[in-house]
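What shape does this take:
(2 chains)
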Amino acid sequence: MRLSFAVLAILLGLMQGCGHEAKSPQASAAKAFGTAIVEVGGSKQAAGIGTALDQPVVVQVNDAQGSAVANALVQVRVSGGGGSTPESGLTGPDGQFTANITLGGSAGNYAVVASTNNAAGKPIELRLDEVALGYQETLGKQLNDVYCARCHDPESTPERVSNHDNLAAQAHAFTEGGVLNAMSDADLTAITAHGGPALSRSPEMPPYGFVLSKSEVAALVAYIRAIADPPYRSKGAVYAKN
Amino acid sequence: MLTRIRRFLFGDSAHAFGSLSVVLLLCLAVTPAKDHFREWRQFQRKYLSLIRTRGDAATLQRRYQGGVQQIWIPELGVVDRCGTCHVAMKEASLRDVATEPFRPHPPIPHTLTEFGCAICHRGQGAATSVQEAHRSSLAWEQPILPARYLESGCGQCHWNSLTGTPQLNLGRKMLARYGCVSCHTIKAPGQGRMQTSNPAPPLTHIAEKTSREWIFAWLKDPQSYAITATMPNFQLSDADARDISAFLVSQSTPVPGARTPETARAARADATADPQAGASLYGESFCASCHATVNAAGMIVGGNVGPELTRVGSKVRPEWLIDWLRGPKGYDPHTLMPRYRFDLKQLDLLAGFLEAKTDSDFLSKVNLSPASAAEISHGQTLVRERGCASCHEINGISKPDNFAPELTLIGSQSLAKILFAEGVEHTLPDYLQAKISRPHSFGKATKMPQFNFPPSQVDALVTALLAQTERAQSLPAELLVPGRRLSDYRPAGKAGQLMADMNCFSCHAINGRGGDMAPDLTWEGSAVQSKWLVGFLKNPNTLRPTLIRRMPRFNMTDAEAGTLADYILTVYQTPAFDADALDGSAFGAADVERGRQLFYSKYACQSCHIVDSKNDKGYIGPTLTQVGARMTPAWIFGWLKNPQALRPGTVEPNWNMSDEDARALTAFLMKQNRRVAGK
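Numbers count the residues shown, from 1 in each chain, chains lettered A, B, ... in the order given. I've put the predicted structure just below:
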């Protein structure tokens, strides 16, 4: 009894930024049912720990023909102490449901699971991944925006035109987990600090080891690991579950 | 039955002695038993059983220390026992553990024992129970700080702009940008009061500029005129807005020395020949670097230094507009707007273009009858009550002192002194959130206006305010990292007058004063060649093809450009090297060829710079096709050796280049002075 109270108190104490202490009481009854739930937008965002995501998560409930279903009940859960406002509700006339997501208090990946029941009462789930950035990753993001994004981010905006396509060697976007997850921390640190030739790659990647401190390079690597898609799993020893 | 028990326990003295001893022993056992079952002991036992199954159990076991763990830093007043339950804070190998209190602390720039925990996280450091340490109570008002405001902890010592704390930096910038510090006194330790970075326009000649109807509509809802408007909504009633507008018009005086723009109209006949001419002049003058407009797609395009111009034609009087474009400082001596030295035809073109930016809906519902004396005097009372003069200069009303409560110590404000609105949770961050995002929920009489900040910006403001703690003010001086001191550097002489006239400091910084839109010019005189500088001042061309904010043409005369260039070249020199130390003509063909090789192979400069406009594509750095005619060889050499020393924060990396390589590259770059074809 006392233990469960203690655990509850820790959870409340550490994750109170999310402000969801009670289940929303007004869970409305579904008036329609779909057979699939798909993402409209809002996954793969990165934001500081405990903060709200810039863009809301929008999902759509479809029927077997793929057309939108209005008034289907959607519930949204966030892992690890994150929260969603609202936690549940009916889809609009366009079959869409919008939820604002708040991340939990520790850095890492968060799963936003949107679910709806089909006519048989069986839940259909859609999992979206979001990333919470801690101090180190936030510092890495800031450095990325200044030094790296111009070549490594292929997206151009009027304020910041991308140099990505002007290069002979293609710079990897930092979200390319498929490629970057295979590189060790030491390799990423080396290529950042000493430039492409350190790994026998293109000299178009310049060395930043004389501009950035060791902790700044480590922060950049932490940021690259944080936003990797698919997510990065460190190759340490494998431990038993706690 | 009872009698038998009594007889057994206390039947004779030996039995009585025995049973009393047992009772006494039980009483004595209460304390150790209570200690044994303490919360923190349970956590420590749980931790030990958690690590037992892990691969590095032996190491973790060896590093584990049981019992109450305390960080004691008397000079900071820190007594933190958080490590008693959070036993694994230093164990990086446990980062896959998802349950508190066994997660390791994520990497931060300080060691955990340097400052303790509660300085950043708040909570009651000395407590050893979960409830007491994390939650607030009658005896302890500061619960654990929600993670989203954590950067406020950094802000107690760091008053400069840290790279790793974007939220705190944004919050502090907003306090200065949105006039918070004009009404509220906010002090940083040892630095005095924070100053506004965006002074509101003076209202002393407001009737020359706009109509009373516009003032009324603006007062009612500034954002309906311009979605980017800085001024918050004071939620004035129609009658109050009517009276304030009446007073503001009545106190307005004519602009001294304003000229009636009789001649400008004459040029209008031929100006109308090309309907696009006004728009092109607006574009060529790079008005959009500072002013935003809403384009056809509904997007806000342009800078936020000056006011948004989407509906400016519904606001300003045509005569005022021409006078303003001719010489902005006549109306507002402190404006950031440069004097462009437009000729009459240009003035008329631009004014005509801006006047056409009207919105017929904006003033359509405003219908004011002439102001009565009672309305004017009521308006004056309202202007005083609302503190308009805290931000705006108004004739006859002096800037009020301490108009709003001082916020220097708001981050450690006692909750007992706070009046909470209904439905607001009783914590300091929640109070600040509510006060900023819906001030009027605290009662109709509240003077705080309604701002329209998105949630992320409100979070940033709360973070900045939470850093304003008593502890921050009382920390030892050696721990404080002061912010950038504002310099009041003003260049003297003719050049100084020219720079003031063209407001160079609105965009460029020199010697610590000025804006950050354009390059810092403190050492520009060491960097560029005289002939190029004069030409550039007269007709600025584009050095960076992808930049949308560029130096406009100020229509300078030859004499003015010469004066400015001479001053810049003589005064703004770096002490690091002599600008004439390297002779560009001394380089041989071998140097140049080696430089070319280095440029294209070893350093791959073409990924960011263009030397050969046919083949090179990189456009992060400036185009270098004519760099040999633009920069001094000494600067190029010095830049290649250490760019950050000459311009802190520049993207170009320090290559740790050898002198030979830097010399060869300088030789190659000094050869790049091709004339543009056809000129």
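
In contact with the closest residue to chain A within the stretch 201-350 of chain B, which residues?
As assessed by Cβ to the nearest Cβ, chain A sits closest to residue B:301 within the stretch 201-350 of chain B, at 7.9 Å. For glycine as for every other residue, the C-beta is placed from the backbone atoms N, C-alpha and C. Applying Cβ atoms under 8 Å, 6 or more residues apart in numbering or on different chains, we find residue B:301 in contact with A:158, B:288, B:292-295.

at 7 Å what do you get?
With Cβ atoms under 7 Å, 6 or more residues apart in numbering or on different chains as the criterion, the residues that contact residue B:301 are B:288, B:292-293, B:295.

How about the residue nearest the centre of chain A: what's its closest non-neighbour residue?
For chain A, residue A:130 is the residue whose C-alpha lies nearest the centre (Cα atoms, centre = their mean; 2.0 Å). Nearest residue to residue A:130, sequence neighbours excluded (Cβ to Cβ, 6 or more residues apart in numbering or on different chains): residue A:110, at 4.8 Å.

quick one: the one you found from residue A:139, how far?
Distance, residue A:110 to residue A:139, using Cβ to Cβ, to the nearest Å: 20 Å.

what does residue B:107 give?
Using Cβ to Cβ, residue B:107 is found at 10 Å from residue A:139.

just residue B:248 next, same as before
Taking Cβ to Cβ, one finds residue B:248 at 47 Å from residue A:139.

now do residue B:161
Per Cβ to Cβ, residue B:161 is found 13 Å from residue A:139.

So which of the two has more stuff around it?
Between residue B:161 and residue A:139, residue A:139 has the larger neighbour count (other Cβ atoms under 10 Å in any protein chain shown), namely 26 against 14.

and the more buried one, that's in a helix?
Yes: the assignment for residue A:139 (DSSP: H, G, I helix; E, B strand; the rest coil) places it in a helix.

ok, it touching residue B:165?
No: with contact defined as Cβ atoms under 7 Å, residue A:139 does not count as touching residue B:165 (8.5 Å).

Give me the buried positions along stretch B:593-604.
By 16 or more other Cβ atoms under 10 Å in any protein chain shown, the buried positions in stretch B:593-604 come out as B:594-596, B:598-600, B:603-604.

That stretch: how far from the chain's middle?
Stretch B:593-604 sits 40 Å away from the centroid of its parent chain (Cα atoms, centre = their mean, to the nearest Å).

now swap in stretch B:387-400 and tell me
Offset of stretch B:387-400 from its chain centre (Cα atoms, centre = their mean): 25 Å.

Name the surrounding residues that touch it.
By Cβ under 7 Å, 6+ apart, the list of residues contacting stretch B:387-400 from outside reads B:179, B:182-183, B:200-204, B:251, B:253, B:383-384, B:403, B:447.

Let's see that with 8 Å instead.
For stretch B:387-400, using Cβ under 8 Å, 6+ apart, the contacting residues are B:179, B:182-183, B:196, B:199-204, B:244, B:248, B:251-253, B:380, B:383-384, B:403-404, B:447.

What of stretch A:195-211?
A:147, A:151, A:167-169, A:171, A:187, A:190-194, A:217, B:601-604, B:607, B:644, B:653-656.

PyMOL command to pick out the buried ones of the residues you listed?
Those of the contacts of stretch A:195-211 that count as buried under 16+ other Cβ under 10 Å are selected in PyMOL with:
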select buried, (chain A and resi 147+151+167+171+190+191+192+193+194+217) or (chain B and resi 603+604+607+653+654+655)
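
thinking again about what came up before, from the contacts of stretch B:387-400, keep the buried residues only.
Buried, going by 16+ other Cβ under 10 Å: B:179, B:182-183, B:196, B:199-204, B:244, B:248, B:251-252, B:380, B:383-384, B:403-404, out of these.

mind listing the helices in chain A by residue range?
A:2-14, A:135-143, A:149-152, A:177-180, A:185-194, A:214-227 (DSSP state H).

quick one: average pLDDT of the second one?
The average pLDDT within helix A:135-143 is 94.

for the fourth one, same thing?
When the per-residue pLDDT values of helix A:177-180 are averaged, the result is 91.

What residues sit buried inside that helix?
Buried-residue list, helix A:177-180, by 16+ other Cβ under 10 Å: A:177, A:180.

Give me the contacts around that helix.
Contacts of helix A:177-180 (Cβ under 8 Å, 6+ apart): A:172, A:174, A:188, A:224, A:228-232.

which of those tops the neighbour count?
Result: residue A:224 is most packed of those (other Cβ under 10 Å), 26 neighbours.

List the contacts of that one.
A:140, A:174, A:180, A:188.

pretty sure the second one is touching residue A:151, no?
No: taking Cβ atoms under 8 Å as the contact criterion, residue A:174 and residue A:151 are not neighbours in contact, 10.9 Å apart.

following the helix or strand of chain B with the lowest mean pLDDT, which helix or strand comes up?
The helix or strand with the lowest mean pLDDT-type score in chain B, counting by mean pLDDT, DSSP states H and E, is helix B:268-271 (a mean of 54). Later in the chain than helix B:268-271, the nearest helix or strand by DSSP states H and E is helix B:277-284.

tell me which residues of that next one are tucked away?
In helix B:277-284, counting by 16+ other Cβ under 10 Å, buried: B:277-278, B:281-282.

And stretch B:605-617, by the same measure?
In stretch B:605-617, residues buried by neighbour count (16+ other Cβ under 10 Å) are B:605-611, B:616.

Wondering if that stretch reaches chain A at all.
Yes: applying Cβ under 8 Å from any Cβ of the partner chain, one finds stretch B:605-617 touching chain A at B:607-608, B:617.

and the end-to-end length of that stretch?
For stretch B:605-617, the first-to-last residue distance is 10 Å (Cα to Cα, to the nearest Å).

so who does residue A:57 touch?
Residue A:57 neighbours (Cβ under 8 Å, 6+ apart): A:39, A:41-43, A:76, A:84, A:98-101, A:112, A:114, A:128.

Out of those, which is nearest to chain B?
residue A:100 (8.5 Å).

how many neighbours does that closest one have?
When neighbours are counted by other Cβ under 10 Å, residue A:100 comes out with 16.

For beta bridges, what are the partners of it?
residue A:85 (DSSP bridges).

That one contacts residue A:55, correct?
No: using Cβ under 8 Å as the test, residue A:100 is too far from residue A:55 to be in contact (9.1 Å).

Between the two, which contacts overlap?
What both residue A:100 and residue A:55 touch, as defined by Cβ under 8 Å, 6+ apart, is an empty set.

Please tell me how far residue B:373 sits from residue B:246.
As for residue B:373, its distance to residue B:246 is 9 Å (criterion: Cβ to Cβ).

With pLDDT and distance to residue B:350 added, can I get the contacts of residue A:57 in CSV?
What follows is the contacts of residue A:57, written out as CSV (pLDDT from 0 to 100; distance: Cβ to Cβ, whole Å):
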residue, pLDDT, distance to residue B:350
A:39, 93, 48
A:41, 91, 41
A:42, 91, 43
A:43, 90, 47
A:76, 93, 52
A:84, 91, 51
A:98, 94, 44
A:99, 93, 48
A:100, 93, 44
A:101, 93, 47
A:112, 93, 51
A:114, 93, 53
A:128, 93, 50
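
Can you get me a residue count around residue B:421?
15.

and it, what is it in contact with?
Per Cβ under 8 Å, 6+ apart, neighbours of residue B:421: B:434, B:441-443.

For residue B:629, state which of the residues you listed is nearest.
Closest to residue B:629 out of these is residue B:434 (60.2 Å), distances taken as Cβ to Cβ.
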